[in-house]
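J.: everything below, folded, please.
(2 chains)
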Amino acid sequence: MPDLVWFIVRRLFAALIVMLALSLAVYLVFYAIPADPAHLACGKPCTPDRLEQARHFMQLDQSTLQQYLNFLKGIVAGRTFGDGAAAVHCNAPCFGYSFPLARPVTTLIMDRLPITASIALGAAVLWLLLGVSLGVIAALNRGRILDRLAVGVALLGVSTPSFLLGLLAILVFGFWLNMVPVNGYVPLTESPVDWAWHLITPWIVLAILQAASYIRLTRSQMLEELNLDYITTARAKGAGELRVVVTHGLRGVLVPVITLFGLDLGGLLGGAILTEKVFSMQGLGDLLISAVGQLDVAVVVGVTLFSAFLIILANLVVDVVHGVLDPRVSHG
Amino acid sequence: MSSSVAGTVSPTRQALRRVRRDRSARVGVIVVVLLIVIAAAAPLLVRLAGQDATTYHIDLLDPARGNAPRGALGGASGTHWFGVEPLTGRDLFSIVVLGLRTSLVIAITVTVITTVIGTLLGISAAYFGGWYDAIVSRLLDFLFGFPQLVFMIALGIIVPAKVSRPLLLIGVLSVFGWAGLARLIRNQARSLVTREFVEAARSVGSSSWMVITRELLPNLLGPVLVIATLAIPGYVGAEAALSFLGVGVPPPTPSLGRSISDSIAWVYTGADPWFLLFPGAMLFLAVLGFTLLGDGVRDAFDVRLRRTS
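T.: Okay, here's the model as predicted:
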């Protein structure tokens, strides 16, 4: 067990370093832009005096390094722009302040996050269940009709862009069959039933597409696993088929599945962003795209870093689960 | 009995023979060739149809139905083969075939760029090892667990408006695209580096460049070809996704992703589903064709590619 604790500590430390490096890189890239945020904020007519004032207020007159340090400090301790009555306060964790929207970026993100997170988490649960179980079924029925069906579904899933399948689902189930709502988001706190009912189509769409690669992986891994000696041993000792498949075979399958899931986390967020647009839900993607349109750098940097941190954090969790499932990982 | 034949046939030829025998690979080859011909001849096809992708045909729209096209199948007729776009009445056939052209040009360009960069970095990381390998590997880890789509959208803000958007798209997709190929090639190359023929080449004084290009590269051509073919549908999808989100190819250049995005409102109300179905079917065919081809090439070269491990 101490091995595992050390493993987690090491991973935590590595994740922290990556986050710092990433934030510096993102900050340098995005603050090298030709468009001056102060220029946009100062309005018309923009006298040099007012421009200078705006730059000072937004702390853009400081060196880039100082700005970056301010940004980091803001995440830990919050920050204040300007002073006196005009002062704007941004509470920790402050991922920047959007002057065009007059709101802290953290608040903007937190307003939108539940939508994107609802889509992503629900879809992830569904696709893991769907992918692994269909993969196992395909492997156990190798060459038979069920196997071919699962492989066919996997191929269709790999070849259909998520937004296309989403729109087709809206057309068929929403419009023609009138079964499900076609757009809009209902907060979980307002009505859990309506929440799930509005999300069911996005979940299924995203899950079917992503499940495809899990079906393929689980199937091939399971076929390989079932040929190994220890499975023969388990069978020879009289273990039932269910026990052989679930407790022995599946354990070997889970490790690569979890590794793949770690690689797909970034894609999961991307998929959720595409899906929220298809179903007209205003999540993180919508926030980001409109910020790009309005040259709102603070929001763009905030959302980018926030989602990168989220992925790093999720990867950390995946790594730890990996370490628990496969002792070789945490020993190494 | 076939071993005597196999002994005299080069691995590439064997692979080609296997592609020819594989039914789904054959379908893939046919679809891909068809798509490439359509994309290459798109301007010609459009002229043959007597149309273009920019002229408005307001007379073909029905104001009573919110300017959806008149008639069945989205207004399809002898002059407008796929009907017309709602709201503007532009010829949908022109938009779809020119959109396919946009899509394939971007996807294939990105594939070429990322294949060259990924192969060179992957092989050199495996060959030189040490700190160079460590840096490349960390960079790959970093690019992998990265919210790429978020970053691709965000990059739109720092590039001045005068930079051509299709070029930006190619650049952005390339920056994130090479990592997958580089990792797979690195892993494949690592098992080659310790083999005798590499050792032999080194011991007779071949330069690193010579060992990489003359010894390692020819042995990795199979995997490189497989990964590159499998990457194309990914880029077709990525271009469409970014254009769908409104940060890809800007109007008036036709793009399948943007047309699909424009069709959302017409799908919600069911007023003109054909506006989704024609560009959607073309996009689906493009991704499916290249995926089938890629799977076939992979099976033919018998390359084992695991994203995990």
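
J.: and the residue of the stretch 201-332 of chain A closest to chain B?
T.: Closest contact between the stretch 201-332 of chain A and chain B, by C-beta to the nearest C-beta, is at A:Gly270 (3.3 Å). Yep, even glycine has a C-beta here, placed from its N, CA and C like the rest.

J.: buried stuff in the helix or strand harbouring that residue?
T.: Secondary structure assignment for A:Gly270, by DSSP states H and E: helix A:250-278. For helix A:250-278, the neighbour count (16 or more other C-beta atoms under 10 Å in any protein chain shown) marks A:250, A:252-278 as buried.

J.: do the same with stretch B:53-68
T.: So, applying 16+ other C-beta under 10 Å, buried residues of stretch B:53-68: B:53, B:57, B:60-61, B:67-68.

J.: hang on, the earlier thing: so which elements touch the helix or strand that the helix holding A:Gly270 is followed by?
T.: Following helix A:250-278 in sequence order, the next helix or strand is helix A:284-293 (DSSP H and E). Here helix A:284-293 touches helix A:105-140, helix A:250-278, helix A:297-325, helix B:148-155, going by 3 or more C-beta pairs under 8 Å, 6 or more residues apart in numbering or on different chains; DSSP states H and E.

J.: what does stretch B:41-54 contact?
T.: Contacts with stretch B:41-54, where a contact means C-beta atoms under 8 Å, 6 or more residues apart in numbering or on different chains, come from B:38, B:79-81, B:90-91, B:93-95, B:97-98, B:100-101, B:252, B:254.

J.: let me know the average pLDDT across it.
T.: Mean pLDDT, stretch B:41-54: 77.

J.: how far is that stretch from where the chain is centred?
T.: Distance of stretch B:41-54 from its chain centroid, counting by C-alpha atoms, centre = their mean, to the nearest Å, is 24 Å.

J.: and stretch A:98-114, by the same measure?
T.: For stretch A:98-114 - counting by C-alpha atoms, centre = their mean - the centre lies 18 Å from the chain centre.

J.: what about that stretch, near chain B?
T.: No: if you take C-beta under 8 Å from any C-beta of the partner chain as the test, stretch A:98-114 misses chain B, and the best it gets is 11.9 Å.

J.: and that stretch, how far apart are its ends?
T.: With C-alpha to C-alpha, to the nearest Å as the measure, stretch A:98-114 spans 20 Å from end to end.

J.: show the average pLDDT along it.
T.: Here stretch A:98-114 scores 85 as its mean pLDDT.

J.: got the contact list for it?
T.: Residues from elsewhere that reach stretch A:98-114, judged by C-beta under 8 Å, 6+ apart: A:37, A:40-41, A:58, A:88, A:90-91, A:93-97, A:187-188, A:282-284, A:286-287, A:291, A:294, A:296, A:298-299, A:302-303, A:306.

J.: which strands and helices sit next to the helix holding A:Gly270?
T.: Helix A:250-278 sits against helix A:105-140, helix A:162-169, helix A:192-225, helix A:284-293, helix A:297-325, helix B:148-155, helix B:217-244, with contacts defined as 3+ C-beta pairs under 8 Å, 6+ apart.

J.: angle of the first one against helix A:192-225?
T.: Think helix A:105-140. Interaxial angle, helix A:105-140 versus helix A:192-225 (axes from the mean of the first three to the mean of the last three C-alpha atoms, to 10 degrees): 40 degrees.

J.: could you do the fifth one as well?
T.: Using the same axes, to 10 degrees, the interaxial angle of helix A:297-325 with respect to helix A:192-225 works out to 50 degrees.

J.: do helix A:297-325 and chain B meet at all?
T.: Yes: with C-beta under 8 Å from any C-beta as the measure, helix A:297-325 is seen reaching chain B through A:297, A:300-301, A:303-304, A:307-308, A:310-312, A:315.

J.: the one residue sitting closest to the centre of chain A - nearest residue in space that isn't next to it in sequence?
T.: Nearest to the mean C-alpha position of chain A, counting by C-alpha atoms, centre = their mean, stands A:Leu269 at 3.2 Å. Spatial nearest neighbour of A:Leu269, chain neighbours left out: B:Pro147 (5.0 Å); criterion: C-beta to C-beta, 6 or more residues apart in numbering or on different chains.
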